[in-house]
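# sequence unknown, structure follows:
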Ligand SMILES: [Zn+2]
């Protein structure tokens, strides 16, 4: 496990489909890939999928919801979305 240089949070480097590594938050998250809007108490998140390293944006699901929905993906949420210093990351590239 690595640590974000900006906010010191634990991050997980997830390999993307392009062969690069993307800093992500360590916990596995699930999103709907059927284009639905987030339900109350949830949000739209950006993940890098575990299986193929694809960047997917969708309504966040619980693990239980995802298990009942074929159109879902499991992955790690992009740390760029949660890091309080995300603007710094973008400037550095
Ligand atoms: Zn950070």
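In hand now; what should we look at? It should be emphasised that the depicted structure is a prediction, and the values quoted were computed from it without experimental measurement.

# alongside the ion, which residues does this protein contribute?
The chain has residues 4, 6-7, 83 near the ion, with proximity defined as Cβ under 5 Å from the ion. No exception for glycine: its C-beta is placed from N, CA and C like everyone else's.

# let's see that with 8 Å instead.
Residues of the chain lying close to the ion (Cβ under 8 Å from the ion) are 4-9, 11, 23, 79, 82-86, 89.

# just the buried residues out of the residues you listed, in PyMOL syntax.
Command for PyMOL that selects the buried part of the residues of the chain next to the ion, burial taken from 16 or more other Cβ atoms under 10 Å:
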select buried, resi 4+6+9+11+23+79+82+83+86+89
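
# residue 29: which of the residues of the chain next to the ion is nearest?
residue 82 (10.7 Å; Cβ to Cβ).

# before we move on, what SS does the nearest residue to the closest one once chain neighbours are set aside have?
Leaving out its chain neighbours, the residue that sits closest to residue 82 by Cβ to Cβ, 6 or more residues apart in numbering is residue 25, at 5.7 Å. Following DSSP: H, G, I helix; E, B strand; the rest coil, we place residue 25 in the strand state.

# since that was my last question, I'll sign off now.
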